[in-house]
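*Asks:* Any chance you could fold what I've pasted below:
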Amino acid sequence: MFGSKYAYRLKLSDIEGNTVYTDNKIVQIEEAQFTISDINPNPVNSILNFSVNVSVEQNVKISIFDISGKEILVIHDDYLPKGNNPFHFDNINLNSGTYNIFVGNDQQKVIKQFTVVK
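*Replies:* Take a look at the predicted model:
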């Protein structure tokens, strides 16, 4: 269960049958989550601003998709540090229309829509 504390200890045995236990160790497992901020401005005609806030350092892919679902561009595909990570995207190569920003990894996916007006 994510977000919980667990205690464990190890049992060590040698070839002569002697046994000893380690001290209890406490670990906390945090669920890796992220959120994407509102897209500013929206509609946009030049620079698109948004941020991705991650709870723990994790690998995150950020892509732009057109309305038909075709991936147009990968903005980021690497680890993001814990905390707020701002992105500024110059959409000069995008035509007027509706697009989606996809932020995801193996555990979670978030999609935000924005409009380009030229």
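*Asks:* Neighbours of residue 39, how many?
*Replies:* By other CB atoms under 10 Å, 20 other residues sit near residue 39. All C-beta atoms are positioned from the backbone trio N, CA, C, and that covers glycine.
*Asks:* residue contacts, the residue nearest to residue 37 when sequence neighbours are not counted?
*Replies:* Closest residue in space to residue 37, ignoring its immediate chain neighbours: residue 51 at 4.5 Å, by CB to CB, 6 or more residues apart in numbering. The neighbours of residue 51, taking CB atoms under 8 Å, 6 or more residues apart in numbering as the test, are 36, 37, 84, 85, 86, 87.
*Asks:* Now the buried members of the residues you listed.
*Replies:* 36, 85, 87 (16 or more other CB atoms under 10 Å).
*Asks:* would you list the residues you listed in TSV and tack on pLDDT, secondary structure and distance to residue 16?
*Replies:* Output for the buried ones among the contacts of residue 51, formatted as TSV (pLDDT from 0 to 100; DSSP: H, G, I helix; E, B strand; the rest coil; distance: CB to CB, whole Å):
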residue	pLDDT	secondary structure	distance to residue 16
36	90	strand	58
85	96	strand	54
87	95	strand	60
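*Asks:* where does the chain dip in pLDDT?
*Replies:* For the chain, the stretches with pLDDT under 70 are 1-3, 29-32.
*Asks:* Which helix or strand contains the residue of it most remote from its centre?
*Replies:* When distances are taken from the C-alpha mean of the chain, residue 16 lies farthest, 49.4 Å away, according to CA atoms, centre = their mean. Of the helices and strands defined by DSSP states H and E, none includes residue 16.
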